[in-house]
Each structure stands twice: as C-alpha cells, then as structure tokens.
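**Q** What would the 3D arrangement of this be:
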Amino acid sequence: MTSQIPPDAISGSLQAASDSLSRLAETRPEVAVPLARIISAVADEAIRTSRFSTALQRALTAEVHQSAPGSPVRRSGRRAPGALDPFAVFGEQGEDGLRARLAELDLEQLRDIIAEYGMDHDRLAMKWKDPSRVIDRIAEKVGSRTAKGSAFRQTSAD
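**A** Modelled structure (predicted):
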C-alpha cells in the first residue's frame, strides 16, 4: 500500500526541511541540532526496520477521527482522565459534597475516575450500568484511602 511520490516532490520537501532547520540553527541552535538528530535517528531506523517504517507511515498518514462536540476522543485501551479529582473534592467538601459532584457526571465520566484512580480492584465496577453503584464505589474508595493511616495521626486534642 505504498503510494508513489514524484521525485521532484521528495527533493522539494527535503530542501524545505533543510532550509527550515538552517534558519532555526541561526537563531536557536540549541533546538535545531537536537531536532536534526531526532530526524536523522528516525529516518535511519525507518531505513533499517521495515516494521518501524510501516508504523511510522501509519502514524503520519492516520486520519483524525471526528467525534461529536463535547464527546471525549477514546484511544484504544485508554480512558480519558477523570473529570475531577475525587480526593480533592472529598477533602474540600466531604463525602456529601463528593457524592453531589459525582452525581453531575455521566456513567462514562464516572468510569474514567474509577480507571484513573485504580478503584476497580475486583473488575466489576467498570461493568456496572447503574451510576449510583459507581458513585458508591468511588465514595467508598476515597473515604477508605483518605482514612488509611489515621490511627497514626496526631489529633489536635493531644
């Protein structure tokens, strides 16, 4: 699935890149030299390894998938970062405040928090369809992790 690029286009692109690096080197050599090294290393590896060359071609020609406005873009196997830090909310507003903030989120946003903070130890919460169950899990984990070690903390009455 290789496309033929005319030799003139190749030499023109190479010359334009060389000119750009030369201009950059005049004003910012500390950027131009490492950038030139990176480009050389990538090109050398693409020549040496066909698997790398294929992966590089895919990355450079990959289509950007458009999604509906406001919907998060999902990468394969990776969830989006959580919409909020449940520990910070718990620390500022307590459990009731945390539950109220979590109730404003949709199920996928709740699952993002579960994934980001490792709250699915039994691999069940990510399968739940009921947001209130997921909220309960988050509140439980945040409460228990926040209280962990509290027996060793000094109280103000001491």
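
**Q** Chain neighbours aside, what residue packs nearest to Lys129?
**A** Nearest residue to Lys129, sequence neighbours excluded (Cβ to Cβ, 6 or more residues apart in numbering): Leu107, at 7.3 Å. C-betas here are computed from N, CA, C, even on glycine.

**Q** isn't that neighbour right next to Ser132, touching?
**A** No. Look at Leu107 against Ser132 with Cβ atoms under 8 Å: they stay out of range, at 10.2 Å.

**Q** Read off the pLDDT value for Lys141.
**A** With respect to pLDDT, Lys141 scores 95.

**Q** Equivalent analysis for Arg74, please.
**A** 50.

**Q** and if you look at Arg101?
**A** For Arg101, the predicted pLDDT is 96.

**Q** is it fair to say it lies in a strand?
**A** No. Arg101 is assigned helix when assessed by DSSP: H, G, I helix; E, B strand; the rest coil, not a strand.

**Q** ok, it - how many residues close by?
**A** 17 (other Cβ atoms under 10 Å).

**Q** Surely it and Gln93 touch.
**A** Yes. Arg101 is within contact range of Gln93, at 7.3 Å (criterion: Cβ under 8 Å).

**Q** which stretches of this protein have low pLDDT?
**A** 1-3, 62-77, 153-158 (pLDDT under 70).

**Q** Repeat the analysis, applying 80 as the threshold.
**A** 1-10, 12, 61-77, 149-158 (pLDDT under 80).

**Q** Show me where it has its helices.
**A** Using DSSP state H, the helices of the chain run over residues 7-27, 29-48, 50-61, 86-103, 107-116, 131-147.

**Q** who's in contact with the spatially closest residue to Arg79 that is not a sequence neighbour?
**A** The shortest distance from Arg79 to any non-neighbouring residue, by Cβ to Cβ, 6+ apart, is to Ala115 (4.4 Å). Ala115 sits next to 79, 82, 126 when contact means Cβ atoms under 8 Å, 6 or more residues apart in numbering.

**Q** picking that back up, tell me how many other residues crowd the residue nearest to Lys129.
**A** Leu107: 14 surrounding residues under other Cβ under 10 Å.

**Q** ok, now Leu105?
**A** 19.
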